[in-house]
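1. below is the sequence, then the predicted model.
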Amino acid sequence: MMNSSIDALYGGFADGLPPELRSLALALPHVLGLAPAAHNTWSECFNHRVTLEAPAFIAEALPGAGAELTRDAVFAHALSVIEAFGTDRVADGQVRAGPELLRLLEELRHARDTLLERVRAGSSERAQAADRETKEATREEHSLLVRLGAATFQEYRRISLGKQAVGFPPSLALAESAGASERQLEQIKRALAGVWLGLQFEDDAGDWEDDWRRGHGAWAVSLARRRLETGKHEQADERPTEPDLIRRRVFQTRILYLMLKSARHQYRIVRRYARALGATNLLHWAERRAARLDEMLPMEQRYAGYVVRARKLAPWAAEVLT
């Protein structure tokens with residue numbers, strides 16, 4: 001399944017909504033700040049196919065996963081991701097929580113649950129529990145980052161994994177319905193955890209300055225503060241707020257390098273379990289992500305902040321050098 005299929009399925013979902021919600025649903029990528037214009041589709045919002053279609057990568061390793069079952073699981077997963085983005089934007093104040101948007105988010109959850117019940121009876125309850133876990137982790141993250149709290153990498157991993165809870169139920173429902181063994185289910189969980197954590201760590205390193213400027217805090221800052229407070233570096237300010245000073249502290253602690261190194265470790269975990277499962281496309285995806293970081297890590301180690309500059313120059317490079 002390709003992302004264009006997700007767009008077609010989402011269009012069908014939007015067509016079935018009440019008239020007052022249909023236009024909002026079609027413009028939702030733009031409303032949530034994920035796309036520059038109202039006509040942009042979900043397939044244009046994400047750089048990685050796995051983000052919207054994780055169950056399709058898992059289905060490759062499951063002979064019992066038929067096409068219709070896989071399509072339902074993939075669309076349920078896509079709706080979970082879309083709803084989670086919407087809920088997160090509302091929670092941190094980036095989007096106004098108007099009544100129509102809240103109704104639309106509820107419709108997304110209802111459609112997801114209906115699809116999951118078709119994949120495997122009872123799976124909607126797991127998805128609803130994942131909703132609660134994601135919301136709680138998001139609240140904990142916002143509270144920590146806004147107050148400029150110091151954080152360990154263990155806390156960062158725990159909260160990040162909690163935020164990604166919605167990314168598991170559709171793939172697990174598909175695997176269970178296809179007759180996966182307990183061992184396979186555990187391998188799928190570990191592979192998916194590596195996917196979500198790897199992408200999270202990499203994005204948080206590359207986007208930390210934008211997050212900081214928006215006033216929502218940034219994981220790079222909280223992780224750097226913790227390293228400074230452990231005595232490995234000079235003592236942290238009581239409440240640092242000067243942007244240039246913050247940048248110097250983040251670069252001084254080499255936190256971005258450590259975040260990228262952690263992301264590479266997660267991609268290697270994905271590679272290991274994808275190989276064990278026989279999920280070839282997921283294996284190749286993880287190999288490409290790890291190889292990219294193999295190239296970037298020496299540059300980040302030598303030139304602190306390289307990942308930020310590389311991220312900002314990527315659109316220009318794509319246009320000029322291709």
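-> Thanks, I have it.

2. quick one: the strands in the stretch 201-322 of the chain, in order.
-> With strands called from DSSP state E, counting those that start in this stretch, the stretch 201-322 of the chain shows none.

3. low-confidence stretches in it?
-> 231-243, 313-322 (pLDDT under 70).

4. gap between residue 224 and residue 154?
-> 16 Å (Cβ to Cβ, to the nearest Å). The way it works is simple: take the backbone N, C-alpha and C, and place the C-beta from them, glycine included.

5. typed the wrong thing, it's residue 71
-> As for residue 71, its distance to residue 154 is 38 Å (criterion: Cβ to Cβ).

6. for residue 78, same thing?
-> 31 Å.

7. neighbour count for the two, which is higher?
-> Shown here are residue 78 and residue 154; by other Cβ atoms under 10 Å, residue 78 has more neighbours (30 against 8).

8. quick one, what contacts that one?
-> 6, 9, 10, 42, 52, 53 (Cβ atoms under 8 Å, 6 or more residues apart in numbering).

9. and the contacts of the one helix or strand the last one maps to?
-> Under DSSP states H and E, the secondary-structure element containing residue 53 is helix 49-59. By Cβ under 8 Å, 6+ apart, the surrounding residues in contact with helix 49-59 are 1-3, 6, 42-43, 46, 65, 70, 73-74, 76-78, 81, 167, 170-171, 174-175, 178, 188, 191-192, 195, 199, 277, 279, 281-282, 285.

10. again, only using 7 Å
-> Contacting residues not belonging to helix 49-59 are listed as 1, 3, 6, 42, 46, 65, 70, 73-74, 77-78, 81, 167, 170-171, 174-175, 188, 192, 195, 279, 281-282, 285 [Cβ atoms under 7 Å, 6 or more residues apart in numbering].

11. how about the following helix or strand past it: buried residues?
-> Using DSSP H and E, the helix or strand that follows helix 49-59 in sequence is helix 67-91. Neighbour counts over helix 67-91 (16 or more other Cβ atoms under 10 Å) mark 69-90 as buried.

12. what angle do helix 49-59 and helix 67-91 make with each other?
-> Between helix 67-91 and helix 49-59, the angle comes out at 150 degrees (axes from the mean of the first three to the mean of the last three Cα atoms, to 10 degrees).

13. and the helix or strand just after helix 67-91, what's buried?
-> Downstream of helix 67-91, the next assigned helix or strand under DSSP H and E is helix 99-119. Buried residues in helix 99-119, counted by 16+ other Cβ under 10 Å: 101, 104-105, 107-109, 111-113, 115-119.

14. for stretch 249-256, same thing?
-> Buried residues in stretch 249-256, defined by neighbour count with 16+ other Cβ under 10 Å: 249, 250, 251, 253, 254, 255, 256.

15. straight-line length of stretch 110-128, end to end?
-> The first and final residues of stretch 110-128 sit 10 Å from each other (Cα to Cα, to the nearest Å).

16. how many neighbouring residues does residue 150 have?
-> Residue 150 has 17 neighbours, counted by other Cβ under 10 Å.

17. typo on my end, it should be residue 138
-> 18.

18. and what of residue 280?
-> Residue 280, neighbours per other Cβ under 10 Å, totals 13.

19. need the contact list for the residue nearest to it when sequence neighbours are not counted.
-> Closest residue to residue 280 apart from its sequence neighbours, by Cβ to Cβ, 6 or more residues apart in numbering: residue 60 at 6.4 Å. Counting by Cβ under 7 Å, 6+ apart, residue 60 touches 279, 280, 281.

20. list the contacts of the closest residue to residue 80 other than its chain neighbours.
-> Spatial nearest neighbour of residue 80, chain neighbours left out: residue 166 (4.4 Å); criterion: Cβ to Cβ, 6+ apart. Counting by Cβ under 7 Å, 6+ apart, residue 166 touches 80, 81, 84, 130, 131, 134.

21. who's in contact with the first one?
-> The reference is to residue 80. 112, 127, 166, 170.

22. now the third one: how far from residue 135?
-> Computed as Cβ to Cβ, the residue 166 to residue 135 distance reads 10 Å.

23. and for the last one?
-> As for residue 170, its distance to residue 135 is 18 Å (criterion: Cβ to Cβ).

24. which of these two has more neighbours?
-> residue 170 (31 against 18).

25. in which helix or strand does the more buried one reside?
-> Residue 170 belongs to helix 169-177, assigned by DSSP H and E.

26. now for that helix, which elements pack on it?
-> helix 49-59, helix 67-91, helix 99-119, helix 123-146, helix 182-206 (3 or more Cβ pairs under 7 Å, 6 or more residues apart in numbering; DSSP states H and E).

27. contacts for it next, please.
-> Identification of contacts with helix 169-177 by Cβ under 7 Å, 6+ apart yields 54-55, 58-59, 62, 65, 69-70, 73, 76-77, 80, 116, 119-120, 123, 126-127, 130, 184-185, 188, 192.
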